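*Asks:* Sequence isn't available, so here's the structure alone:
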Ligand code: SAJ
């Protein structure tokens, strides 16, 4: 018997989505090109770190509602949840969406629903519609095609998949309504109808908006450093205004969404995307600036003490309390500092992972005791409980010691 739903891509979003749908007693076939991912999930296990996901996957697999394979089969609903990275020049790469679509085109039949969830440049859904109907002209207007972006926060995915509102844009009204009735079975949040282009842009805008807001905070941190003002105190005070809500500066913006999605607008609309582009520049520059700051502090120490300092680099993850290092500014800073090092000692700390293929990791307490300079790159909760002796030089890029 064919599954009702086929999901293509079993990563950070595809696997939780497949598991959620299957846990509602819907037969799901999850598809991934990576055989080891398929083998892991078929054993009821998971290959990513996300709270509560293991339990839901293991139950859905043992109940028989979630099966996984490297090949799709016919189904009634197809969800495309593959990555859309960018190429070297920051241009979006939709080749995975295209390949996934090509893989299911021969399986499509009248009445099927095809949905893209992958973050995509504007017009991708229409492009895939064209691809489908060029290959299978007899299906023209006989299937439903829509775009529905995910907007879940890593670390809280299983809750947000159900509770968040969703934006759903079909290539026509019938497609929008068909997709809405599908998501209504699994999502408690409101489902907002629109067209596919607006839905695509909405996802890009959400993350670009956050990027711009963080850039504002990061810019303030640079100004405050020169003006000898504590930026954390400043933001806290400014936020006492009823209509001001400034975010927190950090050592840059990382992850695979906020640091990536703005380029999807920028590369298609370069002349118009002035602020969006500037925000990316400011956030990237902040990481470079942090690395320089550490470098300078090391030189000052050597001049003053006549010996090279020991430096602790606290955190490698792209944000607090996770083990995900993708596009991590902290990792970039560590890399830069080590590249410029002249055989002095560094302690690389990341309490959320056991080991790293490049860096030798040091326990955070040991590192903070042994180091002369302690640079906080990520505000992990573990670091908050550290009792740091007064003779240490602290570079706090995260506000953790504020
Ligand atoms: N950051 C700051 N200062 C802040 C907040 C965040 O420097 O005040 C930094 C973080 O340290 C991190 C980066 O920004 O390096 C991104 O972290 P995040 O927690 O803001 O977001 P992500 O990347 O984990 O998830 C985002 C979310 N989008 C928005 O909040 C608009 C999530 O809802 C999306 O689903 C996700 O991107 C995605 O998949 O697109």
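*Replies:* Structure received. In this text the structure is predicted, and so the values were computed from the model without any measurement.

*Asks:* Show me the strands in the stretch 51-200 of the chain, by range?
*Replies:* Using DSSP state E, counting those that start in this stretch, the strands of the stretch 51-200 of the chain run over 66-69, 77-80, 113-116, 144-147, 166-170, 191-195.

*Asks:* which of those strands is buried the deepest?
*Replies:* Between the strands of the stretch 51-200 of the chain, strand 144-147 has the highest mean count of neighbours, a mean of 27, where neighbours are mean count of other CB atoms under 10 Å. For glycine as for every other residue, the C-beta is placed from the backbone atoms N, C-alpha and C.

*Asks:* So which elements touch that strand?
*Replies:* Judged by 3 or more CB pairs under 8 Å, 6 or more residues apart in numbering; DSSP states H and E, strand 144-147 is in contact with strand 113-116, helix 124-135, strand 166-170, helix 173-183, helix 196-227.

*Asks:* quick one: buried residues of the second one?
*Replies:* Looking back up the chat, that one is helix 124-135. Along helix 124-135, these residues count as buried under the neighbour rule (16 or more other CB atoms under 10 Å): 124, 125, 126, 128, 129, 132, 133.

*Asks:* what does it contact?
*Replies:* Residues from elsewhere that reach helix 124-135, judged by CB atoms under 8 Å, 6 or more residues apart in numbering: 94, 97-98, 101-102, 105, 108, 114, 116, 139-140, 143, 145-147, 169, 171, 196-197, 199-200.

*Asks:* Now list the buried members of those residues.
*Replies:* If we count by 16+ other CB under 10 Å, the contacts of helix 124-135 have these buried: 94, 97-98, 101, 105, 108, 114, 116, 139, 143, 145-147, 169, 171, 196-197, 199-200.

*Asks:* Can you pull the poorly scored residue ranges out of the protein?
*Replies:* Residues of the chain meeting the criterion pLDDT under 70: none.

*Asks:* pretty sure residue 6 is in a strand, no?
*Replies:* Yes: counting by DSSP: H, G, I helix; E, B strand; the rest coil, one finds residue 6 located in a strand.

*Asks:* count of neighbours near it?
*Replies:* Residue 6 has 27 neighbouring residues, counting by other CB atoms under 10 Å.

*Asks:* That one reaches residue 77, doesn't it?
*Replies:* Yes: look at residue 6 against residue 77 with CB atoms under 8 Å: they come within range, at 7.3 Å.

*Asks:* What parts of the stretch 201-350 of the chain come near the ligand?
*Replies:* 206-207, 210, 214, 247-248, 250, 253-255, 257-258, 318-319 (CB under 6 Å from any ligand atom).

*Asks:* From the residues you listed, pick the one nearest residue 355.
*Replies:* residue 318 (18.1 Å; CB to CB).

*Asks:* burial count for residue 371?
*Replies:* Residue 371: 24 neighbours (other CB under 10 Å).

*Asks:* 39 is where my numbering starts, stick with that
*Replies:* All set: I'll call the first residue 39, so the last point we hit is now residue 409.

*Asks:* Angles on the backbone of it, please.
*Replies:* Phi and psi for residue 409, reported as degrees, to the nearest 10, are phi -80, psi 150.

*Asks:* Ignoring the adjacent residues along the chain, who's closest to residue 388?
*Replies:* Using CB to CB, 6 or more residues apart in numbering and skipping the chain neighbours, the partner closest in space to residue 388 is residue 354 (4.0 Å).

*Asks:* Near the one you found, how many residues? Count them for me, please.
*Replies:* Residue 354: 28 neighbours (other CB under 10 Å).

*Asks:* isn't it right up against residue 393?
*Replies:* No: at 11.6 Å, residue 354 does not count as touching residue 393 under the criterion of CB under 8 Å.

*Asks:* I'd like to know how far residue 161 sits from residue 361.
*Replies:* 35 Å (CB to CB, to the nearest Å).

*Asks:* Show me just the buried residues among the residues of the stretch 239-388 of the chain next to the ligand.
*Replies:* Applying 16+ other CB under 10 Å to those flags 244-245, 248, 252, 285-286, 288, 291-293, 295-296, 356-357 as buried.

*Asks:* Which of these fall in helices?
*Replies:* Assigned to helices by DSSP state H, the following of these qualify: 244, 245, 248, 252.

*Asks:* ok, and the closest non-adjacent residue to the second one?
*Replies:* The spatial neighbour of residue 245 that comes closest, neighbours along the chain excluded (CB to CB, 6+ apart), is residue 299 at 4.0 Å.

*Asks:* Residue 74 too?
*Replies:* Residue 74 sits nearest to residue 85 (CB to CB, 6+ apart), 7.6 Å away.

*Asks:* Check for me that the one you found belongs to a helix.
*Replies:* No: counting by three-state DSSP, residue 85 is not part of a helix but coil.

*Asks:* count of neighbours near it?
*Replies:* 15.

*Asks:* Go ahead and confirm it touches residue 77.
*Replies:* No: Residue 85 is beyond contact range of residue 77, at 9.5 Å (criterion: CB under 8 Å).

*Asks:* what touches both of those two?
*Replies:* Residues touching both residue 85 and residue 77 (CB under 8 Å, 6+ apart): none.

*Asks:* who's in contact with residue 325?
*Replies:* Per CB under 8 Å, 6+ apart, neighbours of residue 325: 289, 290, 367, 370, 371.

*Asks:* and the helix or strand harbouring it with helix 234-265, angle?
*Replies:* Element membership for residue 325, per DSSP states H and E: helix 312-343. Relative orientation of helix 312-343 versus helix 234-265 (axes from the mean of the first three to the mean of the last three CA atoms, to 10 degrees): 30 degrees.
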